[in-house]
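Asks: Make a model of this:
(chains A and B)
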Amino acid sequence: MTRFVLNRIAQAAFAVWVVVTLVFVLIHATGNPIAVLAPETMSVHDRAALAASLGLDRPVLVQYGLYIAGVLHGDLGLSYYSGQPAMQLILERVPVTAELVVLAIGIATVFGLPFGVFAALWPDSLLDRVLRGVSVLGSSIPTFFLGILLIFAFSVSFNVLPASGAGSIDHYIMPAFTLAFFRIALFTRLTRVSLLDTLSLNYVRTARAKGLSEPVVVVKHALRTAMLPLVTVFGLQFGQLFAGAVITETIFALPGMNRLALESLYRLDYPVVLSYVIVVAVMFAAINLIVDLLYGVIDPRVAHAG
Amino acid sequence: MRARLPWISILILLALVLIAILAPLISPHDPEEQSLLMRLNPPGWVNGGDWSYPLGTDGLGRDVLSNIIYGLRVSLLVGFVAVAISVALGGVTGLIAGYRSGGWLDTIAMRLVDIQLSLPAVLIALAVLALSGRGLWKVIAVIGVVGWAQYARLVRSSVLSESRQDYIVAAMLAGASPARIVFRHLLPNVLGPLLAQISVDIPRAVELEASLSFLGLGVAVTTPSLGLRVSQGYQYLFSGAWWPSVLPGAALVVLVLAENLIGDWVRDALDPRARGRRRTVTKKAPGLVGRGATA
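Replies: Numbers count the residues shown, from 1 in each chain, chains lettered A, B, ... in the order given. Prediction:
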């Protein structure tokens, strides 16, 4: 078990390093931030001073070394734009995104899980077919368009929910639902497939033969086993959503970390972009790690194999 | 049980492809043509509408219908070309990695696949496009490259399981060259799952382009992309002009929906792993967590 854990941690650290390095290379391969930051009227001398103050005049390898050292200390310098510590700017925005993601996963689970159970209990029934249709539709509406349709319906036409901003829970309803919609479909489909597989296993037949009532068989016996593969997908979706909420945050003008990252990309504010990428990469690696470990705990065969 | 052919979806997709091909002949206006006197004209059937602009005009006085017609061109082009790039890159890597499994190339390729699949595609695409600037062919290239990992993994695992079969061993013993074994014997057997993955990926690529363009990081502002037109029309939504954003978006949904329904059928028909309802959820559920999350 210890070897399994250490192995996974090493893999996660390696993934983070690759991402961090890749971003550094990308940034240095394209664009010069001084050209964007300095006003056109700035003299050559002042430009050089600005570059020096930001450390942009040093050899690339030195910059890379300083950068890696900074990453290890959680220090990525000051934002070119606002002058505040970059990492702090991103971390300040994390709670908004976290709130959105937790709400979205909650909505997706509350709807998706029972939908999937019902669909599995009565396969090919009308309910099953309706749910399947809705689920295809759910994966065919791009997030940005769903958001716009919701805004048009609830903010413009009926004027019951705010279209943008943050502050009250009202501001989170539409964004969370927008983000959850595709996941409701996904969770429904996965729960259905997994539960159908489990229901055809021998031990379920035994439970039925013992004379247990159908709800007890499904909920207490089958669902528990059927949940195993779902843990992975739920966990991975959590990570996907954290970094995948860019579009939702943009449409609804939610001040989350993804929107800040996008704005920083537009104005070539590299320290902020880097901080964001590192936060996301670490979070992703951590979630993958937790999912892997959880899997090892739930299903001991995985731990022994790894 | 093999599901019936999704005729309606196929007909819709064919119609959309035909419309895209014939765009210069059937579109009533030049999609770029602006007319400031005709700004935000409602669609023909709405009060105050004008049938010379059947679906109305946008905030710059451009014909919405013509932009949808040309936008379909962009969407279909992106879908097919980007996925072709993914298949070429991932397929070749997967074939070689699977054929020489355990070698250094295999190890490196599969590590890269792991890293790539652990990051949301939209994030990688955003970062690259933000730094390299926008443009239709850049978007296609980025979407194509970002999608390679799925194919590398899929082809590699198919090759691995196939190459243990007796007929491959027989071919080797008969003295067939590696190239002959790969292309004559392995490739045809990998084709089923490959087609299944392609049919699922095309709508995803279309959606990704629309999303990137919506964020302003996709095609150039003058290119008639459906996603871009939705974002340009969005600001007029609040004054009640819904057509410049809702109609291009609806066209996009119809296209993606038709492609998804066909994709579902192809997957059921060709991919043995997905056949019937005995489909098991694999640990990493590769097809479900990859490019799909363009949230």
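Asks: burial count for B:Tyr99?
Replies: Other residues near B:Tyr99 come to 19 when the count uses other CB atoms under 10 Å in any protein chain shown. The C-beta positions use only the backbone N, C-alpha and C, and glycine is treated the same way.
Asks: tell me the contacts of it?
Replies: B:Tyr99 is in contact with B:159, B:163, B:178, B:181-182, B:186, counting by CB atoms under 8 Å, 6 or more residues apart in numbering or on different chains.
Asks: if you set the cut-off to 6 Å instead, what comes out?
Replies: Contact criterion CB atoms under 6 Å, 6 or more residues apart in numbering or on different chains gives B:159, B:182 as the residues in contact with B:Tyr99.
Asks: ok, now the one 10 residues further on?
Replies: Contacts were defined as CB under 6 Å, 6+ apart; by that measure B:Ala109 touches B:93, B:97, B:152.
Asks: Helix, strand, or coil at it?
Replies: Counting by DSSP: H, G, I helix; E, B strand; the rest coil, the backbone at B:Ala109 sits in helix.
Asks: for the helix or strand containing A:Val20, which positions count as buried?
Replies: Element membership for A:Val20, per DSSP states H and E: helix A:2-29. Buried residues in helix A:2-29, counted by 16 or more other CB atoms under 10 Å in any protein chain shown: A:4, A:8, A:11-12, A:15-16, A:18-20, A:22-24, A:26-27.
Asks: Would you mind trimming those to those in range of chain B?
Replies: Checking these against chain B by CB under 6 Å from any CB of the partner chain, the ones in range are A:15, A:18, A:26.
Asks: can you count the residues close to the closest residue to the second one other than its chain neighbours?
Replies: Closest residue to A:Val18 apart from its sequence neighbours, by CB to CB, 6 or more residues apart in numbering or on different chains: B:Ile115 at 5.4 Å. In terms of burial, B:Ile115 registers 21 neighbours under the definition other CB under 10 Å.
Asks: in terms of contact, does B:Ile115 touch A:Phe14 like I think?
Replies: No. Using CB atoms under 6 Å as the test, B:Ile115 is too far from A:Phe14 to be in contact (8.3 Å).
Asks: next one: the longest helix anywhere in chain B to chain centre, how far?
Replies: If you go by DSSP state H, chain B has its longest helix at helix B:64-99. Distance of helix B:64-99 from its chain centroid, counting by CA atoms, centre = their mean, to the nearest Å, is 6 Å.
Asks: mind listing what's buried in it?
Replies: Counting neighbours by 16+ other CB under 10 Å, helix B:64-99 gives B:64-83, B:85-87, B:89-91, B:93-99 as buried.
Asks: Check stretch A:151-168 too.
Replies: The neighbour-count check on stretch A:151-168 (16+ other CB under 10 Å) flags A:151-152, A:154-155, A:161-163, A:166 as buried.
Asks: what sits up against it?
Replies: Outside stretch A:151-168, the residues that touch it by CB under 6 Å, 6+ apart are A:96, A:170-171, A:173-174, A:252-255, B:237-238, B:242.
Asks: Just checking, which of these comes out lowest on pLDDT?
Replies: Lowest pLDDT among the contacts of stretch A:151-168: A:Asp170, with 79.
Asks: and the gap between that residue and B:Ala84?
Replies: Taking CB to CB, to the nearest Å as the criterion, A:Asp170 is separated from B:Ala84 by 45 Å.
Asks: all helices of the stretch 101-250 of chain B, in order?
Replies: With DSSP state H, counting those that start in this stretch as the definition, the stretch 101-250 of chain B shows helices at residue ranges B:104-117, B:121-132, B:136-146, B:148-162, B:166-173, B:178-180, B:187-214, B:226-234, B:243-270.
Asks: would you turn those into CSV with mean pLDDT and distance to A:Leu50?
Replies: Rendered in CSV, the data for the helices of the stretch 101-250 of chain B read as follows (pLDDT from 0 to 100; distance: least, CB to CB, whole Å):
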stretch, mean pLDDT, distance to A:Leu50
helix B:104-117, 81, 35
helix B:121-132, 77, 21
helix B:136-146, 92, 30
helix B:148-162, 86, 39
helix B:166-173, 83, 63
helix B:178-180, 80, 56
helix B:187-214, 88, 32
helix B:226-234, 90, 34
helix B:243-270, 89, 41
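Asks: Of those helices, which stretch is the most buried?
Replies: Comparing the helices of the stretch 101-250 of chain B by mean neighbour count (mean count of other CB atoms under 10 Å in any protein chain shown), helix B:226-234 comes out on top with a mean of 26.
Asks: Residues touching the helix or strand hosting A:Leu66, excluding its own?
Replies: Assignment of secondary structure by DSSP H and E places A:Leu66 within helix A:60-72. Counting by CB under 6 Å, 6+ apart, the neighbours of helix A:60-72 from elsewhere in the structure are A:20, A:24, A:76.
Asks: quick revisit: quick one: the helices of the stretch 101-250 of chain B as TSV, columns for distance to B:Ala220 too.
Replies: Listed next are the helices of the stretch 101-250 of chain B as TSV, based on distance: least, CB to CB, whole Å:
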stretch	distance to B:Ala220
helix B:104-117	27
helix B:121-132	12
helix B:136-146	7
helix B:148-162	25
helix B:166-173	48
helix B:178-180	42
helix B:187-214	9
helix B:226-234	9
helix B:243-270	17
